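Engineer: Quick one, what's the 3D model for this:
(2 chains)
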Amino acid sequence: MKYRGLVILLGVLAAVIAVAWAPTAGQAPSTVSKTPWGDPDLQGIWRGVGSVPFERPAKWAGREFKTDEEVAALEKTANARNAERGKGKQENRGFRDQANYNSIVGYSPEWIRVPRRTSAIIDPPDGLLPPWTLEAVKRYEEREAVTAPRGDADWTIDRPPGERCISDFSVANIDAWGMGVGPGETAVYGGEFAKILANPDVNPGGEGINPNKGFGGPRRIIQAPGYVVFVDEQANNHQIIPLDGRPHLNKKFEQYQGDARGHWDGNTLVVDYRNVKSFGPVIPSYGSSIYPSGTETLRVIERYTRLGPDEIDYRYTVDDPSVYTRTYTVQFDLFRDDNYQISPVPCREGIDDMGTTLYGWRLDEDQATQNADETRAARKPVFERIKRKAMEAAAKGQSSSR
Amino acid sequence: MRSQLRGSGVACGAAVVVATLLLWGGTASVDAQAPAPYTPARTAAGQPDLNGFWQAINTANWDVEEHAPEVAPHETLVGAYLAKPPGFGVVEGGTIPYNAAGLAQRAKHLENRLKPDPLPPNDAPYDNSDPEAKCFHPGVPRGTYMPLPFQIVQSHNYPKIFIAYTFGGDSTRVINLDKTFKDLLENYAYPGQSIGRWVGNTLEVETRWFNTSVWLDRSGNFYGENAVVTERYTLTSPFHMMYEVTIEDPSVFTRPWKMSMPLYKLVDPSSKLHILEFSCVPLTEEFSYGKFKKGVFKLPDLQ
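Structural biologist: This is a model prediction of the structure:
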């Protein structure tokens, strides 16, 4: 699973690091190629280009796009940093106690580009996640209460789904869920980063590494009459999407990867996900990657619109009235890269790190407790900010508006 | 154990449905292997159209060799639930031509099939017990004849074929029709990597690059990580195909050997044609790691 973690990290970094072949964004829609059976043809491997802050940083408030000068300056900084990595000089924090881990995995041979958007969230128009409902706040607090007495690895449920080799809901980089910019990364990168993330001026936002979100790992799309299939590099996730208008599975069939149904809206592929299975009451150590509440009312709609031979406008909308006071929509540009190779990734079938992890913490329960305390402490300021925003919204009557 | 019980239940239900589809006396017998002349429906690209949901009806997941009934593992707990049913097997000639080392390894597998891997502090190999019990990807060709459906998604104009197996929840495979092994990143994984090509009306798929030995059934039959597995998929009617597999691995077998079986296409209403997520990891963590749970773990056990 260490291997898998590396692969996932590479995937994330691939998304975080922009690539050189990006064509000019915003091309006018051209004639969309069709499959032999008449559907718009989306087949190939698609990657996000660059990354943007998930939520819009205060410094860009009121602005949907950066100026050309800002983009140029950010690209200059990013590429200078990348060049340092290329020379093998360590940058930022060490990882897994390997002195140059970031240097090893963070280097990109390609020119790093910085997208012009100031946030991945395009709706609400302020680029910020909508307030949580008070119901969601309460459920999260209950979850923290259940988690509080637990150590870093009392049992497998205290570890993140990816480490358990459970393929979960992977629509783009949706694992952020609004809590993703803090605790998970903190747990990986250590205390120094926790301080950065705890600073509301920095989190969310900045053109740093972790508050940013890209599309996630590369995704292969395969089509056949009546079906679209997604095969992700990340975590062996996949989706088989029927297009024949059949109803969703009944609620008995909650699935970690959800239940997808698709249809064509003109040239746009619309995918509707429901029946996402919740991971239960415990917040895993890397708690950011799981949904902050129950998933009974969660619905996610993806839209893939091909703008040209090599470009897709990708966006998804999260609709969960029990968690968010309104919907929010995230947008990424996807570019075709059929030369990219997606290989099968052993996880459960690889070196079995889960046993090692549990065994290790059994030998050092004090450290396990301390780690859990640290990740909980890192979550706290992020949650407090979310809670404050929820209470302000409730005071304005927004919680009851849906 | 729980996964096996659940798998068996699904298998029985699915088998009843599929069994009603038999157009002629097709059985899992090795005597019924000759593909009948048949002109298959084709994709827009002119290839036989394999799209759909398929399933084997046989006992090969218990034992690919010819086998008599056997008592269940942990019979006092499970009674006849996990008793091994008799079957003709799917191996041509009835038995696999193991060399001496291969036979010894199989015996070790059988003895340990339901013992969780030792894990730390012993860095023992992790292929001691049945990968099915541990919720591995079922691998090739076992995923084809586990008693659960699998779906083939075959594009008409993009040179990839996608297969999703029910067992495991994320057990999928992409067959590359436009590549050679020289074109692929040399990554090793339990399901290996697959290159396919059309030979007449037959899809021929070669799979290599396994990261450990791969089990073929619950009886410990296996091939080694350096094996070359060649599958052949040939439609023999609108609702059947012949599935043939040749396995080469000089380190385990004295010669290449072959298995074959018919596969049956599911024709349920579309609302029931669906690879339901069987995410078995959460169902097997007690089996694999239970002794490391806080409150259960005892250091002396490991000394």
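
Engineer: Tell me where chain A has strands.
Structural biologist: Applying DSSP state E to chain A gives strands spanning A:44-48, A:52-53, A:121-123, A:212-213, A:219-224, A:227-232, A:238-242, A:259-265, A:268-274, A:299-308, A:311-319, A:328-336.

Engineer: JSON lines please, covering those strands and showing mean pLDDT.
Structural biologist: Converted to JSON lines, the strands of chain A look like this (pLDDT from 0 to 100):
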{"stretch": "strand A:44-48", "mean pLDDT": "89"}
{"stretch": "strand A:52-53", "mean pLDDT": "76"}
{"stretch": "strand A:121-123", "mean pLDDT": "93"}
{"stretch": "strand A:212-213", "mean pLDDT": "58"}
{"stretch": "strand A:219-224", "mean pLDDT": "96"}
{"stretch": "strand A:227-232", "mean pLDDT": "94"}
{"stretch": "strand A:238-242", "mean pLDDT": "95"}
{"stretch": "strand A:259-265", "mean pLDDT": "97"}
{"stretch": "strand A:268-274", "mean pLDDT": "96"}
{"stretch": "strand A:299-308", "mean pLDDT": "93"}
{"stretch": "strand A:311-319", "mean pLDDT": "92"}
{"stretch": "strand A:328-336", "mean pLDDT": "90"}
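
Engineer: now these in TSV, with mean neighbour count and distance to B:Lys160?
Structural biologist: C-betas here are computed from N, CA, C, even on glycine. Formatted as TSV, the entries for the strands of chain A read as follows, by neighbours: other CB atoms under 10 Å in any protein chain shown; distance: least, CB to CB, whole Å:
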stretch	mean neighbour count	distance to B:Lys160
strand A:44-48	23	10
strand A:52-53	26	31
strand A:121-123	20	32
strand A:212-213	26	28
strand A:219-224	24	5
strand A:227-232	22	9
strand A:238-242	21	13
strand A:259-265	17	18
strand A:268-274	20	18
strand A:299-308	19	18
strand A:311-319	20	18
strand A:328-336	22	15
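
Engineer: right, and those - which one's nearest B:Gln55?
Structural biologist: strand A:238-242 (16.2 Å; CB to CB).

Engineer: quick one on the thing from earlier: let's have the strands of chain A in JSON lines, adding distance to A:Ser285.
Structural biologist: Output for those, formatted as JSON lines (distance: least, CB to CB, whole Å):
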{"stretch": "strand A:44-48", "distance to A:Ser285": "27"}
{"stretch": "strand A:52-53", "distance to A:Ser285": "25"}
{"stretch": "strand A:121-123", "distance to A:Ser285": "27"}
{"stretch": "strand A:212-213", "distance to A:Ser285": "21"}
{"stretch": "strand A:219-224", "distance to A:Ser285": "27"}
{"stretch": "strand A:227-232", "distance to A:Ser285": "23"}
{"stretch": "strand A:238-242", "distance to A:Ser285": "26"}
{"stretch": "strand A:259-265", "distance to A:Ser285": "28"}
{"stretch": "strand A:268-274", "distance to A:Ser285": "26"}
{"stretch": "strand A:299-308", "distance to A:Ser285": "25"}
{"stretch": "strand A:311-319", "distance to A:Ser285": "24"}
{"stretch": "strand A:328-336", "distance to A:Ser285": "26"}
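
Engineer: can you list these in a markdown table and add distance to chain B?
Structural biologist: Written out in a markdown table, the entries for those read as follows (distance: least, CB to the nearest CB, whole Å):
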| stretch | distance to chain B |
| --- | --- |
| strand A:44-48 | 7 |
| strand A:52-53 | 29 |
| strand A:121-123 | 29 |
| strand A:212-213 | 23 |
| strand A:219-224 | 5 |
| strand A:227-232 | 5 |
| strand A:238-242 | 5 |
| strand A:259-265 | 8 |
| strand A:268-274 | 13 |
| strand A:299-308 | 14 |
| strand A:311-319 | 15 |
| strand A:328-336 | 12 |
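
Engineer: what bits of chain B have low per-residue confidence?
Structural biologist: Applying pLDDT under 70 to chain B flags residues B:1-36, B:119-127, B:300-303.

Engineer: Report the central residue of it.
Structural biologist: Averaging the C-alpha coordinates of chain B gives a centre point, and the residue nearest to it by CA atoms, centre = their mean is B:Arg142 (1.0 Å).

Engineer: for that residue, what are its contacts?
Structural biologist: B:Arg142 makes contact with B:61, B:132, B:214-217, according to CB atoms under 8 Å, 6 or more residues apart in numbering or on different chains.

Engineer: The same query, at a cut-off of 7 Å, please.
Structural biologist: Each residue near B:Arg142 by CB atoms under 7 Å, 6 or more residues apart in numbering or on different chains is listed here: B:61, B:215-217.

Engineer: ditto for B:Ser171
Structural biologist: Residues counted as contacts of B:Ser171 (CB under 7 Å, 6+ apart) are B:137-138, B:143, B:165.

Engineer: swap the cut-off to 10 Å and go again
Structural biologist: For B:Ser171, the residues meeting the contact criterion (CB atoms under 10 Å, 6 or more residues apart in numbering or on different chains) are A:167, A:236, A:238, A:348-349, B:135-139, B:143, B:146, B:148, B:150, B:163-165, B:190-191, B:275, B:278, B:280.

Engineer: Tell me what B:Val229 is bridged to.
Structural biologist: For B:Val229, the beta-bridge partners are B:Thr207, B:Ile247 (DSSP bridges).

Engineer: does it really touch B:Ile195, like I thought?
Structural biologist: No. Taking contacts as CB atoms under 10 Å, B:Val229 lies outside contact range of B:Ile195: 11.2 Å.

Engineer: Spit out the residues that contact these two alike.
Structural biologist: The overlap between the contact sets of B:Val229 and B:Ile195 (CB under 10 Å, 6+ apart) consists of B:205-208.

Engineer: need the helices for chain B, in chain order.
Structural biologist: For chain B, the helices defined by DSSP state H occupy B:2-19, B:75-78, B:100-112, B:142-145, B:281-289.

Engineer: The second one - contacts with which helices or strands?
Structural biologist: Helix B:75-78 is packed against no helix or strand, with contacts defined by 3 or more CB pairs under 10 Å, 6 or more residues apart in numbering or on different chains; DSSP states H and E.

Engineer: Now it - C-alpha only, PDB.
Structural biologist: Only the C-alpha atoms of helix B:75-78 are listed here, as PDB (Å, rounded to 0.1, in the frame of the first residue of the first chain):
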ATOM      1  CA  GLU B  75     -17.200 -28.100   8.600                       C
ATOM      2  CA  THR B  76     -18.300 -27.900  12.200                       C
ATOM      3  CA  LEU B  77     -19.100 -24.200  11.700                       C
ATOM      4  CA  VAL B  78     -20.500 -24.100   8.200                       C
END
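
Engineer: residues touching the closest residue to chain B within the stretch 1-150 of chain A, list them.
Structural biologist: When scored by CB to the nearest CB, the stretch 1-150 of chain A has A:Pro36 as its residue closest to chain B, at 3.3 Å. Taking CB under 10 Å, 6+ apart as the contact definition, A:Pro36 lies against A:225, B:43-45, B:155-157.

Engineer: so where's chain A shaky on pLDDT?
Structural biologist: For chain A, applying pLDDT under 70 flags the ranges A:1-30, A:50-51, A:81-82, A:84-112, A:170-214, A:216, A:235, A:286-290, A:351-352, A:399-402.
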